[in-house]
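sequence unknown, structure follows:
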Ligand SMILES: Cc1cc2nc3c(=O)[nH]c(=O)nc-3n(C[C@H](O)[C@H](O)[C@H](O)COP(=O)(O)OP(=O)(O)OC[C@H]3O[C@@H](n4cnc5c(N)ncnc54)[C@H](O)[C@@H]3O)c2cc1C
Ligand SMILES: Cc1cc2nc3c(=O)[nH]c(=O)nc-3n(C[C@H](O)[C@H](O)[C@H](O)COP(=O)(O)OP(=O)(O)OC[C@H]3O[C@@H](n4cnc5c(N)ncnc54)[C@H](O)[C@@H]3O)c2cc1C
Ligand SMILES: Cc1cc2nc3c(=O)[nH]c(=O)nc-3n(C[C@H](O)[C@H](O)[C@H](O)COP(=O)(O)O)c2cc1C
Ligand SMILES: Cc1cc2nc3c(=O)[nH]c(=O)nc-3n(C[C@H](O)[C@H](O)[C@H](O)COP(=O)(O)O)c2cc1C
Ligand code: FES
Ligand code: FES
């Protein structure tokens, strides 16, 4: 099973450190009593105090984050500051209380018989691939906007880099690197922006290569309560938080832009 | 005139320091370009970030505070942590942005011919009396819950202290000290909790001693826009923020409890 | 703090708001702890309709100041799917089960009520009347006569508790509540979400796939409290109050305003065991001071 | 970004919401800067009634999640006092003056409209119809027929712009807006506050002196936007949109939803020059991208 059950309680951890990794922020916190998650699972996070009063008086709900690293009693996350929730988390001070719910959702599954994992990540989407690679070594093709963002590539091993502006690694899209590898007996594990995932989905399904995609979606709860996070599949809408976030590329009609 | 006009703009100052004064918190901030206020005037304060997300998702509106001290470009306030707004202000860190609007309202007036100021303060109500005393020296009768709160008495000169629990100064109410002075040719300047102010109002009006009371009231705007802060007077409701906060005891029907 | 609600014995006055806790998904996420430490004193199912529904196209969520707008659109397996697949699982819950149903015609509602009520697993029913009656064009729950006609039609079909869930998007919710009571409802619940809207921050087009949605959470708390107080003054049947409840103090306010029980919705998204926490906070308040006459 | 509103030329689309800026108190507090840097493109006065009113007993304010509940209760000097004392001062303002009036009977409203409209200082009128008609018992602004009858009565009394301010506490604000338009209103404005309530944290009794009040601020923004969109779709006269506007982006959303102008209320309490700031932010948005067809 690629799903560790979550304790039925939000837990109060403590922020230990926030530091920069290139253009991103890394948040370390304690997770007292939390179980070990499986790669691809995620947590709902909210700071215990002053969670609100940002742009448009938000954030109000917790926010979903893949974990970057886990060790007993401790979690690491990597954030991109895109709005009031990520901004507030990125500004957290050591010692602040943080609410943790998780691990949530279904993570990545082992590759099919005879296939080797090939990891494909874009931007902040590299996060779930880092613990996956630790469990299940394999080469990582990573794409970033520019060198500042590409600095996060150091969080993984066996990396081939590319950037949109050519300021680091190959100048171009990560899907170009992927295209060159689809004849190999691989299983693709991908996470990144919708347009990238959609390209991966098209390329892999056309070539018959299995691919597991870790999706994102706006979430209110993270545990299947609100039915807010759905994406369309060949089988109707599914909830990214309980049926995903990792879904088989072949089950999807399209990766929705958001 | 006991009213300095406020610049028609909220200004962004910077929190410089927050420290304890007994059971209270003192907040120092810059006030770029702000004019010199008159004793008894007040400011509406809100932190520029994370103003929200406390108990019941508040604070949302700015909060009213008398100033404790002013020097060009600089203001000092004294806070009692009673709810989400004062709590957030008390937790402000040096360098944080703070919105200032003011000085607002009408402050204390000079004493009537032949009368000497007698200052009567209770608890956090001593704040407006401190700059008043600096302008208009006179003895201060100050009442506090206990010794921890009474430490704030050090912010003023010529103080006779009393506490509810006898842990510092006279054991009893400040109005007992006042009663002993009402035969003198004084004008009373008082600020404190409603029950104290009501006692001062009764004692002084019965004895024909003039008294100026600095009132508090729940406020939304602080500049007469909302009509929310009214108290009843012999002449109907008046707005504490523009007609006060300093009102003549003889004009009031009663000091409303809140 | 045990409570009676329309003849149901509850361990405490806190239930979930329909559509804000999926016990089956919770079992997948949290395991059997959900059964062992169930946070609510009764479980109210998400609205079921006669035919299966996929729900509205995403995006379905928008966070607003102190609240949430959702345009979920009542996805559900339909009556048959619910009875076959969900009911047997929900029967494992340690608390009474209240099934929330909605139909687009009176006959649809009647079919739902009859089929659900005859199942032993079901302790009570909640009628969601926030939808337009496809025959009359009126919102079933915004017009007292429409509501009365609906309750008249379905009341004879079951002796089990029948609770009518009112919409707050009405000029006079108390008149609707009163009409429901006179037509035989055992209780009323309110508020459902308030109609709301948000635009895409970049494109300016409606953000939600369904264009508009319903606002819930702290933003509507004061509005909900006013409506609950107004309704409770008007009816004698029990009122289930809800809207923006985050703490025991908020639940206590609804009880003070005349509610017999309180439902917790959006706060569960922030804290999956909010129901139990709020019940405990409420019990502490009850211990601290004697609660008013109406409790 | 100059705007036309019911025939009035405005420098930008941002006006104040009635009852949330007292220009005379502002002059006492800020001095003549108020005239030199007036933040709104028109000034809408607080509601005036035929007779003077003291307003409701305090407390009148309660802060709620992202919002405010007020039970001010329309204190004002009455028609005669307003015309004698306030109008001459307000005539000094550098922008058009719109006077908001309310009456408890149709004849009261007619008296107010006739007396106010004949004054040259007055550019337009806003009818606050959120009060109960003391004769019919109905809320004048919640029922399309009541609203139509009122507008029919007063329309002939003036050629000046007549804007009807709608209540959001109605099942179908768009129907009311349409009725107002058909009866001759030159525009509609919405939303007024939503009915809300709060209890004293210690005693549990209603906090507000008037028991209930009206909710404003960000908490109602999404609800206001939905109602403005619905109304703008239904009427062809200009709509003044308001409710929880804090930024140019919020004003822009209301304009996108079909409003011709935007009123700022509660945000002015946080920032007395919010109107000017929001107008500037809106102009920036307009420069950044071409604004939609309706603008
Ligand atoms: C399973 C999963 C794993 C994730 N892992 C990570 C991770 O490891 N690291 C990481 O940085 N992020 C991750 N994310 C994304 C992260 O959850 C979002 O970036 C975060 O929720 C944004 O919150 P915010 O308040 O900062 O910004 P918001 O403003 O809430 O969101 C930004 C975007 O949302 C839209 N938006 C704007 N206003 C609103 C509104 N009022 N309501 C709803 N949407 C709005 C806009 O399109 C905007 O660009 C993950 C998401 C999921 C679902
Ligand atoms: C002119 C003036 C000068 C002042 N000077 C000072 C000063 O120098 N120092 C100082 O510490 N204080 C001063 N105050 C008082 C100060 O403004 C209040 O203590 C502050 O506004 C409280 O805000 P809060 O968010 O901390 O607490 P709140 O929770 O807003 O207020 C605390 C009290 O308000 C009530 N309350 C609870 N919830 C709400 C709600 N939702 N809405 C409204 N009321 C509620 C309760 O009675 C509670 O005990 C002054 C007030 C005025 C009017
Ligand atoms: C995501 C979501 C889904 C909901 N689904 C339903 C539903 O299926 N049936 C129903 O009667 N109410 C539904 N509601 C309304 C809630 O039951 C409740 O009336 C409302 O959210 C107010 O309570 P709250 O503020 O505590 O959330 C839903 C609310 C939310 C937020
Ligand atoms: C304190 C206060 C007083 C108000 N007084 C009036 C009034 O006298 N007449 C009126 O038509 N609306 C009145 N309103 C309603 C506002 O004009 C506006 O419709 C409402 O507050 C929504 O806008 P906002 O969210 O921007 O505040 C008042 C609102 C507040 C908050
Ligand atoms: S986030 Fe609520 S169901 Fe997925
Ligand atoms: S606080 Fe708004 S009028 Fe006094």
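Yep, that arrived. What you see is a predicted model; the values in this text were computed from it and never measured. Ligands and ions are numbered 1, 2, ... in the order given.

can we go C-alpha only for contacts and neighbour counts from here?
Fine.

Tell me, how many residues neighbour residue A:176?
12 (other Cα atoms under 10 Å in any protein chain shown).

Helix or strand for it, just tell me which one.
helix A:174-179 (DSSP states H and E).

same for that helix, what does it pack against?
strand A:116-122, strand A:140-144, helix A:194-207 (3 or more Cα pairs under 8 Å, 6 or more residues apart in numbering or on different chains; DSSP states H and E).

Tell me the buried residues in it?
A:174-175, A:177-178 (16 or more other Cα atoms under 10 Å in any protein chain shown).

Each with direction, which strands does the helix or strand following that helix pair with?
Proceeding N to C from helix A:174-179, the next assigned helix or strand is strand A:186-191, under DSSP H and E. Under the criterion DSSP bridges, strand A:186-191 sits next to strand A:116-122 (parallel), strand A:211-214 (parallel) in its sheet.

So which bits of the longest strand anywhere in chain A are buried?
Under DSSP state E, the strand in chain A containing the largest number of residues is strand A:11-21. Within strand A:11-21, the residues that qualify as buried by neighbour count (16+ other Cα under 10 Å) are A:11-18, A:21.

Next, the contact list for the residue of the stretch 101-250 of chain A found nearest ligand 4, please.
Minimum separation of the stretch 101-250 of chain A from ligand 4 (Cα to the nearest ligand atom) falls at residue A:220, amounting to 25.2 Å. Residues in contact with residue A:220, defined by Cα atoms under 8 Å, 6 or more residues apart in numbering or on different chains, are A:61-63, A:226, A:228-229, C:61, C:269-270.

what's the answer for residue A:175, then?
Going by Cα under 8 Å, 6+ apart, the list of residues near residue A:175 reads A:196, A:199-200.

and what of residue C:129?
Contacts of residue C:129 by Cα under 8 Å, 6+ apart are C:102, C:139-141, C:147, C:164-167.

With respect to pLDDT, which of those ranks lowest?
Lowest pLDDT of the contacts of residue C:129: residue C:139, 83.

beta partners of it?
According to DSSP bridges, beta-bridge pairing links residue C:139 with residue C:132.

can you map out the helices along the chain?
Defaulting to chain A. Under the criterion DSSP state H, helices of chain A are mapped to A:84-90, A:129-135, A:147-150, A:174-179, A:194-207.

meant chain C, my bad for not saying
C:23-30, C:33-36, C:78-81, C:87-90, C:106-117, C:144-154, C:173-182, C:221-234, C:248-256, C:267-270, C:274-288.

and the ones you listed as JSON lines, adding mean neighbour count?
Below are the helices of chain C laid out as JSON lines (neighbours: other Cα atoms under 10 Å in any protein chain shown):
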{"stretch": "helix C:23-30", "mean neighbour count": "21"}
{"stretch": "helix C:33-36", "mean neighbour count": "16"}
{"stretch": "helix C:78-81", "mean neighbour count": "17"}
{"stretch": "helix C:87-90", "mean neighbour count": "16"}
{"stretch": "helix C:106-117", "mean neighbour count": "20"}
{"stretch": "helix C:144-154", "mean neighbour count": "20"}
{"stretch": "helix C:173-182", "mean neighbour count": "24"}
{"stretch": "helix C:221-234", "mean neighbour count": "24"}
{"stretch": "helix C:248-256", "mean neighbour count": "25"}
{"stretch": "helix C:267-270", "mean neighbour count": "23"}
{"stretch": "helix C:274-288", "mean neighbour count": "19"}
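
List buried residues within the contacts of residue A:175.
A:196, A:200.

Residue of the stretch 51-200 of chain A closest to ligand 3, please.
residue A:61 (11.7 Å).

Now do the contacts for that residue.
A:46, A:220-221, C:63, C:269-270.

which non-adjacent residue is nearest the residue in the stretch 1-150 of chain A that ligand 4 sits nearest to?
Shortest the stretch 1-150 of chain A-to-ligand 4 distance, computed as Cα to the nearest ligand atom: residue-wise this is residue A:56, at 13.1 Å. Excluding its sequence neighbours, the residue lying closest to residue A:56 (Cα to Cα, 6 or more residues apart in numbering or on different chains) is residue C:65, at 6.0 Å.

in chain A, what spans have low per-residue confidence?
Along chain A, segments meeting pLDDT under 70 span A:1, A:258.

which residue does the stretch 151-295 of chain C bring closest to ligand 2?
Counting by Cα to the nearest ligand atom, the stretch 151-295 of chain C gets nearest ligand 2 through residue C:222, at 10.2 Å.

Ignore what I typed, I meant the stretch 1-150 of chain A.
Closest approach between the stretch 1-150 of chain A and ligand 2, counting by Cα to the nearest ligand atom: residue A:50, at 13.0 Å.

Which residue is the nearest non-sequential neighbour of that residue?
residue B:53 (4.3 Å).

quick one: contacts for that neighbour?
A:49-53, A:60, B:59.

The residues you listed: which two are farthest apart?
A:60 and B:59 (13.6 Å; Cα to Cα).

Mind putting the contacts of residue A:220 into CSV with distance to residue D:74?
Shown next, in CSV, are those (distance: Cα to Cα, whole Å):
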residue, distance to residue D:74
A:61, 37
A:62, 40
A:63, 42
A:226, 41
A:228, 42
A:229, 45
C:61, 37
C:269, 39
C:270, 39
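
Among those residues, name the ones in strands.
Those of those lying in strands (DSSP E): A:63, C:61.

Keep the contacts of residue A:220, but drop any that are not near ligand 5.
Filtering the contacts of residue A:220 for proximity to ligand 5 by Cα under 6 Å from any ligand atom leaves A:226, A:228-229.

which residues touch residue 18?
This is for chain A. So, once contact is read as Cα under 8 Å, 6+ apart, residue A:18 ends up touching A:25-28, A:90-94.

hm, I was asking about chain C
C:44-47, C:100, C:265.

mind running it again at 10 Å?
C:43-47, C:98-101, C:126, C:128, C:165, C:192, C:263-265 (Cα atoms under 10 Å, 6 or more residues apart in numbering or on different chains).

and those residues near ligand 1, which?
Within these, nothing lies near ligand 1 by Cα under 6 Å from any ligand atom.

Can you name the two of those residues that sit furthest apart?
Of all pairs in those, the most separated under Cα to Cα is C:101 and C:264 at 18.5 Å.
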